[in-house]
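Q: Kindly return the folded structure for what I paste below:
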Amino acid sequence: MFTTPALHGLRFAFGTLSVLPVRVTRWDREAARGGMLAAPVVGLAVGGAAALTALLLLTLGAAPLLATVAAVAVPAVLTRGLHLDGLADTADGLGSGKPAEDALRIMKQSDIGPFGVLTLVFVVLGQTAALAQVYGESWSRGAFATAVSAVAARLALTLAARAGVPAARPEGLGAAVAGVVPVGRAAGAAVAVVAVAAAVGGLSFGAGEILRTGCALVAALAAAESLLRHCTRRFGGVTGDVFGGLAETAATVSLVVMSLSLG
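A: Have a look, this model is predicted:
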């Protein structure tokens, strides 16, 4: 059956960034490039599922906090917890203070150290607190913030996979996607996603939401970029764990900004 490169990219994106039963039919650089450019689409699907779960609970009479816990849990379930695991491993590697080779070895260990545990606790609590505030104010804005955070998380991966960012190891998902996206296409994807999300926010909730949504995405990408540069200096490049850390960092920052009163 004839399959277009775009479809190969979508298969790569959903097959590597979610638990959805999508078979990756190609594992080459072209498919990886399409997959990383399509990463925000996976975010929209994951965020949509999380928002629908939260809205279902609210409809059934659940408190906003319980709906929020579900909205935070669903993305973890749909990614097998890989992003959270990557965040914890990255925190352990950075917190170890060891040279790159030793830090990478620490990150590959199956256990989670104290830096990883603390980071996970604060990140999950931060996501839950910020999102609970939004759901408490408006169920529709809560659903929108849930989707925006999931898209922000995957858009950070698109930018991290741009040309010029090396892999820290010769194997693994990090090596498969490192440097596959041309810088111009990565920047174009970021601009397009921010513009569309801000426009949707403005049309749905008024002009003030344009500023809040735009700021949320820009701040999320800036935070992820800062972590990316730090990891590249410390480890010599990116790994699958670093990609997970970037996704959770972007998601958390976007939720915090979405909970603020701007404008």
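
Q: Count the residues that sit near Arg23.
A: Using other CB atoms under 10 Å, Arg23 has 7 other residues around it. (C-beta placed from N, C-alpha, C; glycine too.)

Q: Summarise which helices and strands the helix or strand of the chain with the lowest mean pLDDT is packed against.
A: Lowest by mean pLDDT, DSSP states H and E among the helices and strands of the chain is helix 173-177, with a mean of 86. With contacts taken as 3 or more CB pairs under 8 Å, 6 or more residues apart in numbering; DSSP states H and E, helix 173-177 sits against helix 29-37, helix 240-258.

Q: at 10 Å what do you get?
A: Counting contacts by 3 or more CB pairs under 10 Å, 6 or more residues apart in numbering; DSSP states H and E, helix 173-177 is packed against helix 5-17, helix 29-37, helix 82-96, helix 139-160, helix 240-258.

Q: how about those helices in TSV, adding mean pLDDT and mean neighbour count?
A: What follows is those, written out as TSV (pLDDT from 0 to 100; neighbours: other CB atoms under 10 Å):
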stretch	mean pLDDT	mean neighbour count
helix 5-17	89	21
helix 29-37	94	23
helix 82-96	95	24
helix 139-160	98	27
helix 240-258	97	28
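
Q: TSV please, covering these and showing distance to Leu66.
A: What follows is the helices and strands packed on helix 173-177, written out as TSV (distance: least, CB to CB, whole Å):
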stretch	distance to Leu66
helix 5-17	27
helix 29-37	34
helix 82-96	20
helix 139-160	12
helix 240-258	17
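
Q: quick one, which of those is nearest to Gly47?
A: helix 139-160 (2.9 Å; CB to CB).

Q: Please state the offset of the closest one from the chain centre?
A: 7 Å (CA atoms, centre = their mean, to the nearest Å).

Q: Next: stretch 97-110.
A: 23 Å.

Q: Buried residues, it. List them.
A: Within stretch 97-110, the residues scored as buried using 16 or more other CB atoms under 10 Å are Ala103, Leu104, Ile106, Met107.

Q: just stretch 183-201 next, same as before
A: Ala186, Ala189, Ala190, Val193, Val194, Ala197, Ala198, Val200, Gly201.

Q: ok, the most centrally placed residue in the chain - contacts?
A: Note on the chain: the residue nearest the mean C-alpha position is Ala153, at 2.0 Å, using CA atoms, centre = their mean. Contact partners of Ala153, counting by CB atoms under 10 Å, 6 or more residues apart in numbering, are 17, 39-40, 42-43, 46-47, 75, 79, 83, 220, 224, 244, 246-254.

Q: now do 7 Å
A: Ala153 is in contact with Gly43, Ala247, Glu248, Ala250, Ala251, counting by CB atoms under 7 Å, 6 or more residues apart in numbering.

Q: which one of the residues you listed sits closest to Gly34?
A: Once CB to CB is applied, the member of the contacts of Ala153 that ends up nearest Gly34 is Gly43, at 15.5 Å.

Q: for the residue lying closest to the closest one once chain neighbours are set aside, what are its contacts?
A: Nearest residue to Gly43 in three dimensions, chain neighbours excluded: Arg154, at 3.4 Å (CB to CB, 6 or more residues apart in numbering). The contact partners of Arg154, by CB under 7 Å, 6+ apart, come to Leu17, Ala39, Pro40, Val42, Gly43, Ala247.

Q: Which pair of these spans the longest distance?
A: Maximum distance among these (CB to CB): 11.3 Å, for Pro40 and Ala247.
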